[in-house]
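In: Predicted model and sequence below, questions to follow.
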Amino acid sequence: MPPQDDSAAVAPGPGPLVGIDAGRLAVEIAPGAGGRIAQIRHDGGDLLVGYGEHGTDPIAWGCYPMVPWAGRIRGGRFAFETREYRLPVDADGHAVHGVGYAMPWRMDRHGPTLAELSVQLPADARWPFGGAARQRIEVGVDRLRMRLSVSAGVLAMPAAIGWHPWFRKPDRLDFSPVAMYPRDADGIATAPPRAPAPGPWDDCFLNHEPVLLRLHGRTLRLTSGCEHWVVYDAAAHATCVEPQTGPPDAFNLAPQRLAPGASLDAWFLIEWL
């Protein structure tokens, strides 16, 4: 693949796709559309909401990495090492899902069953700290494993990462979190966590157990090293189950500092039972 301009904005649509597969499980990756998985196909059935099926907003299809923050940053505002920062906000008035989903990624390695991608994060108004992100996507027999990392450059920076998959509406969701972050009038997570409330949800939870989805007659088991999970199941067409290293608004609620050159890593595993 030719060199890409990592500072460019993502063009509309998925762009050229790169495939990996392990027989009954195939994955289509869109490097130019935020390094996202455009589709997961198992036994011929599509698992993800695809581009254009329910709109073309880049935050509303596929499965994309959230980096260098996950979820919303309230008003785009946070403090870090005695300075105040304000990130560009989206239509809801908050900075949403990082910058990685809105940038083209480089395909660094591509084999029959794996792909490795990277992106240089900006050092401008979108994200003033620079740094870089990498991900590895690998398929096996009835399993899809993803790894994501973000690294600071010459500057220390805050960080939180995760994934945002738009699963087609499952027949069933089995989820047993231990606590939930309450949301305020702005719809933003607040602390401290409390006992989970009944759904439908657009909430962040503390969860240590596998999440099960019943979809296309099969059960998917979702596990991750992340203990924060956002679940959005209010839409009629989709359910999002999002493991991430911190809660939404993490830079204000639970900030994690990366020293220059340091990295934050996470993994996400989907298995068909």
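Out: Perfect, thanks for sending it.
In: Relative to its centre, which residue of the protein is most distant?
Out: Within the chain, T82 marks the point farthest from the mean C-alpha position, 28.4 Å out by CA atoms, centre = their mean.
In: list the buried ones in the helix or strand encompassing R145?
Out: When elements are assigned from DSSP states H and E, R145 belongs to strand 143-151. Neighbour-count burial for strand 143-151 flags L144, M146, R147, L148, S149, V150, S151 (criterion: 16 or more other CB atoms under 10 Å). No exception for glycine: its C-beta is placed from N, CA and C like everyone else's.
In: show me where pLDDT drops low in the stretch 1-150 of the chain?
Out: 1-12 (pLDDT under 70).
In: For A234, pull up the helix or strand it's in.
Out: Using DSSP H and E, no helix or strand contains A234.
In: Name the nearest residue to it, sequence neighbours excluded.
Out: Nearest residue to A234 in three dimensions, chain neighbours excluded: P200, at 4.2 Å (CB to CB, 6 or more residues apart in numbering).
In: Any idea how many residues pack against the one you found?
Out: 11 (other CB atoms under 10 Å).
In: same check, this time on I37
Out: 24.
In: Three-state assignment for it, please.
Out: strand (DSSP: H, G, I helix; E, B strand; the rest coil).
In: and the residue lying closest to it once chain neighbours are set aside, what are its bridge partners?
Out: Distances taken as CB to CB, 6+ apart put C63 closest to I37, at 4.2 Å, once the chain neighbours are dropped. Here C63 sits in beta bridges with I37, P165, going by DSSP bridges.
In: wait, doesn't C63 sit right on I40?
Out: Yes: using CB atoms under 8 Å, C63 is in contact with I40, at 7.2 Å.
In: Neighbour count for these two, which is higher?
Out: Using other CB under 10 Å as the criterion, C63 and I40 rank with C63 on top: 26 against 22.
In: got the contact list for that one?
Out: Taking CB atoms under 8 Å, 6 or more residues apart in numbering, we find C63 in contact with R36, I37, I40, L48, W163, H164, P165, W166.
In: Any figure for the gap between it and S149?
Out: 17 Å (CB to CB, to the nearest Å).
In: for A238, same thing?
Out: 27 Å.
In: Then R126?
Out: For R126, the distance to S149 - CB to CB - is 20 Å.
In: I'd assumed P247 was in contact with I73.
Out: No: using CB under 8 Å, I73 is not in contact with P247; the gap is 11.2 Å.
In: Looking at stretch 200-220 now, give me its mean pLDDT.
Out: Average pLDDT, stretch 200-220: 96.
In: Mind exporting the C-alpha coordinates of it to CSV?
Out: Only the C-alpha atoms of stretch 200-220 are listed here, as CSV (Å, rounded to 0.1, in the frame of the first residue of the first chain):
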residue,chain,number,x,y,z
PRO,A,200,-32.1,0.1,27.7
TRP,A,201,-28.6,1.5,28.1
ASP,A,202,-26.2,4.0,26.8
ASP,A,203,-24.0,3.6,29.8
CYS,A,204,-20.6,2.6,31.1
PHE,A,205,-20.2,-0.3,33.4
LEU,A,206,-17.5,-2.1,35.5
ASN,A,207,-17.6,-5.6,34.2
HIS,A,208,-15.3,-8.6,34.8
GLU,A,209,-17.3,-11.4,33.0
PRO,A,210,-17.7,-12.4,29.4
VAL,A,211,-20.5,-10.7,27.5
LEU,A,212,-22.6,-13.1,25.4
LEU,A,213,-24.5,-12.1,22.2
ARG,A,214,-26.9,-14.4,20.5
LEU,A,215,-26.8,-13.5,16.8
HIS,A,216,-27.5,-15.5,13.6
GLY,A,217,-28.2,-18.6,15.6
ARG,A,218,-24.8,-18.6,17.3
THR,A,219,-23.5,-17.3,20.6
LEU,A,220,-20.7,-14.9,20.6
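In: The chain should start at 38 in everything you say after this.
Out: Sounds good: first residue 38 from here, last item stretch 237-257.
In: List the buried residues for it?
Out: Quick answer for stretch 237-257 (16+ other CB under 10 Å): W238, D240, C241, F242, N244, P247, V248, L249, L250, L252, H253, L257.
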